[in-house]
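Chemist: Sequence and predicted structure are below.
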Amino acid sequence: MATIPEALAVAIQHHQAGRLQAAEQIYREILALWPDHADAIHLLGVIAHQVGKHEVAVEYIRRAIELQGDAPAFHNNLGETCRALGRTSEAVACYRRALQLNPDYAEAYNNLGIALKDQELVDEAVACYRRAMELKPDYAEAYNNLGIALNDQGKFDEAVGNYHRALELRPGYAEAHNNLGNAWKGRGNLDRAIACCRRALELKPDYAEARNNLGNVLKGQGKLDEAVACYRLTLGVKPDFAEAYYNLSNALQEQGKLDEAVACWRRALELKPDYPEALNNLGTVLKDQGKLDEGIACWRRALELKPDFAEALNNLGAALEQQGKLDETVVCCRRALKLKPDYADAHGNLGSALEELGDLAGAEDSFRAALRYNPRFAMAHYQLAVLLRGKLSPEDLAAHRRLLEEGELTDAERLLLHFGLAQVLDARGEFAHAAWHLEQGNALQKSEWRKRGREYDPKEYESLVTRVIGFCTPDLFGRLRGFGSQSELPVFVVGLPRSGTTLVEQILASHNQVFGAGEIRLVRDTITAISGQATDFAEGPGPLDRQTVDRLASRHVERLRALDPAALRIVDKMPENYLYLGPLACLFPRARLIHCRRNLRDVAVSCWMTHFEEIRWANDQQHMASRFDQYRRVMDHWRKVLPVPLLDVDYEETVADLEGVARKLVAWCGLEWEPACLEFQRAKRPVRTASTVQVRQPVFTTSVARWKHYEQALAWLFARLED
């Protein structure tokens, strides 16, 4: 029988050749004869680490260290096992102990560098790699790892040099080829990057990381189909590769396949729950799908995991702005900018919130800051144009036009520039040119809705109106008479978008006993509670007995009251709540209902000129005609059956006789007249509407019969409305 040293030598030969089972058997035979053989115990731990049993590996190697604590290799390998378990701080301590025992241990310096880089201590990691190379000049892995750290620091030229040196030492080093591809990608040389990734895959066909990186480069070239195919092949080789799911999601999002993208992000998060980047991007798509609350939950979770995540702060701020939480938006944007002062998008979102808060000078400063850091930022050009309109300087206008003439723009960027330029040209009286840009912008916006899977379906809305009319009958109102809240707190201002709802709210909110809540989604939440989905409340809703109606109404009033505990009236001016007037009359029989009317041709022009975040029917003349038909249809129904009074307010009359209409509105709400209601433009309250700038000014008459400027461009729609 061989001696123990001879048996150990044979086992090590098996181990080095990759015959792990044979090596393990001999190690165990040695331990049967010599239970405290530190080398055999240590090497069993190494095998356990190699096959992914890291906890077992830690137990073996710690036992070996108890027996022989002065072996540098034991401490180094314990560090590798701890790092595999994500216990980076413990790993660092192990490597440092190995280096105390052997200051010339090149491998321990290399591994310490990897762990320090994992802790984002990149400068210290670089120093470790350099020391490893001093001790071992032919150390290809150290050159490769140094290249990775330098690439992360943006030192692409130095990174490339180190990858080339690693490949000189080891030409078949697939990982170095892959990393060299990453460096070329960082320098913008995508053809070289692709060549490197393909070479890595020739050397190592099942190299999932290289195929994933190849997908990233192809995506950077705009070859989305090829990129998606790469990511799918990657996942075929490595099904638990969270980063590949993340990258696949991003590509699917660009293809407009949002449901598939969401599914992939969710899978990435199943595999890696603490993945803030995936949470951030998932939140963005959920917001695009109209699932704002879910998106906000994603960003909040991302920030729990990564509090200094500027992009998530910015996205959360933009979402909170949509909810009307403008002060929180400002806080989020300012935090993002403290972390990343040159973050143009955050400057733009901050400017948008300041504009709604009435700080127009601050808004302009923010938009200009965004453009200083990114002169090609289409959203900031659009925001500045809409803010200043006819006052936009010749230099700003020229920059806007130059950017629009460039070819390297996405459709989403191009449509913003068209809408912004149209606003400026309209204010300058150049209506024909404005109309041309509006045609381009609306066509692109319609295409964007289609890409997101959210294209407007007129038949679907017609069907909804039919169900509402069929459900809200005199019999229903008779059965529910006497139900609901008797509170006079709610005031609902409804009508088509751009019909004067903001003007009415501003008049009322200037009264010291009225709070203007803006366009809140509270009605949709309450209606949703009836049947589970606001758009289907009339399709077999839940049981509308007294207990249900009273409970929903009471909860709604409580949520309104939380907005302003002292107000006698709270105005909810979500325009398209006109669809829910029947249910609102049942829930709040003593609420004030105000319906804003305006010449439909002026409504059409104003909607056509506006870049809406959510309204999907304003980009197509046929869609507008259909929507207006259904609006008139349901309003005709309410006039016949509504069991409570409804005040109609005409925009044209308001402009012609502001005081007379204002007095009528205040009296309708059961309040004493206050002259401040005529000075609404001086109010310092937030305004969330497409007419933010206009409502900061006195009432003007140029918005009446504005349609005449666009009679030719919208001729079909106007004829249809007359019919």
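Modeler: Good, I have the coordinates. Residues are numbered from 1 along each chain as shown.

Chemist: check contacts around Val262.
Modeler: Ser249, Leu282, Val285, Leu286, Gln289 (CB atoms under 8 Å, 6 or more residues apart in numbering). The C-beta positions use only the backbone N, C-alpha and C, and glycine is treated the same way.

Chemist: please redo it, this time with the cut-off set to 6 Å
Modeler: By CB atoms under 6 Å, 6 or more residues apart in numbering, the residues touching Val262 are Val285.

Chemist: Is it correct that it falls within a strand?
Modeler: No: counting by DSSP: H, G, I helix; E, B strand; the rest coil, Val262 is not found in a strand; it is helix.

Chemist: From Glu141, how far off is it?
Modeler: 39 Å (CB to CB, to the nearest Å).

Chemist: can you check Pro5 too?
Modeler: The value you get for Pro5 to Glu141, if CB to CB is used, is 30 Å.

Chemist: what do you get for Asp345?
Modeler: Separation of Asp345 from Glu141 (CB to CB) stands at 39 Å.

Chemist: Using PDB, write down the CA coordinates of stretch 479-496.
Modeler: This file holds the C-alpha atoms of stretch 479-496, laid out as PDB (Å, rounded to 0.1, in the frame of the first residue of the first chain):
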ATOM      1  CA  ARG A 479     -83.400  51.700  -6.000                       C
ATOM      2  CA  LEU A 480     -80.300  53.600  -4.600                       C
ATOM      3  CA  ARG A 481     -82.200  56.800  -3.600                       C
ATOM      4  CA  GLY A 482     -81.100  57.800  -0.100                       C
ATOM      5  CA  PHE A 483     -77.900  55.800  -0.100                       C
ATOM      6  CA  GLY A 484     -74.400  57.200   0.100                       C
ATOM      7  CA  SER A 485     -72.800  60.100   1.900                       C
ATOM      8  CA  GLN A 486     -74.700  63.200   2.700                       C
ATOM      9  CA  SER A 487     -71.400  65.300   2.800                       C
ATOM     10  CA  GLU A 488     -71.300  68.500   0.700                       C
ATOM     11  CA  LEU A 489     -67.500  68.300   0.600                       C
ATOM     12  CA  PRO A 490     -67.000  66.900  -2.900                       C
ATOM     13  CA  VAL A 491     -67.100  69.100  -6.000                       C
ATOM     14  CA  PHE A 492     -66.700  67.300  -9.200                       C
ATOM     15  CA  VAL A 493     -65.700  69.300 -12.300                       C
ATOM     16  CA  VAL A 494     -65.900  67.200 -15.500                       C
ATOM     17  CA  GLY A 495     -65.900  67.600 -19.200                       C
ATOM     18  CA  LEU A 496     -63.600  66.800 -22.200                       C
END
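
Chemist: so how far is that stretch off the chain centroid?
Modeler: 35 Å (CA atoms, centre = their mean, to the nearest Å).

Chemist: same question, stretch 339-359
Modeler: 16 Å.

Chemist: cool, stretch 313-326 as well?
Modeler: Chain-centre distance of stretch 313-326: 10 Å, with CA atoms, centre = their mean.

Chemist: contacting residues around that stretch?
Modeler: By CB under 6 Å, 6+ apart, stretch 313-326 touches 287, 292, 295-296, 299, 328-329, 332-333, 335-336, 345-346, 349, 353, 356-357, 518, 686, 688.

Chemist: Inside strands: which ones of those residues?
Modeler: Gly518 (DSSP state E).

Chemist: Got the domain ranges for the chain?
Modeler: As given by automatic domain parsing, the domain ranges for the chain are 31-251, 375-455, 466-722.

Chemist: quick revisit: could you tell me which of the contacts of stretch 313-326 are located in helices?
Modeler: 287, 292, 295-296, 299, 328-329, 332-333, 335-336, 345-346, 349, 353, 356 (DSSP state H).

Chemist: Now flag whichever of those residues is closest to Val523.
Modeler: Nearest to Val523 out of those is Leu292 (CB to CB; 15.4 Å).

Chemist: Can you tell me how far the closest one is from Leu320?
Modeler: Note on Leu292: its distance to Leu320, by CB to CB, is 10 Å.

Chemist: These two: who's more crowded?
Modeler: Leu320 (23 against 18; other CB atoms under 10 Å).

Chemist: name the helices or strands packed onto the one helix or strand Val557 maps to?
Modeler: According to DSSP states H and E, Val557 maps onto helix 546-563. Contacts defined by 3 or more CB pairs under 6 Å, 6 or more residues apart in numbering; DSSP states H and E place helix 546-563 against helix 522-531.
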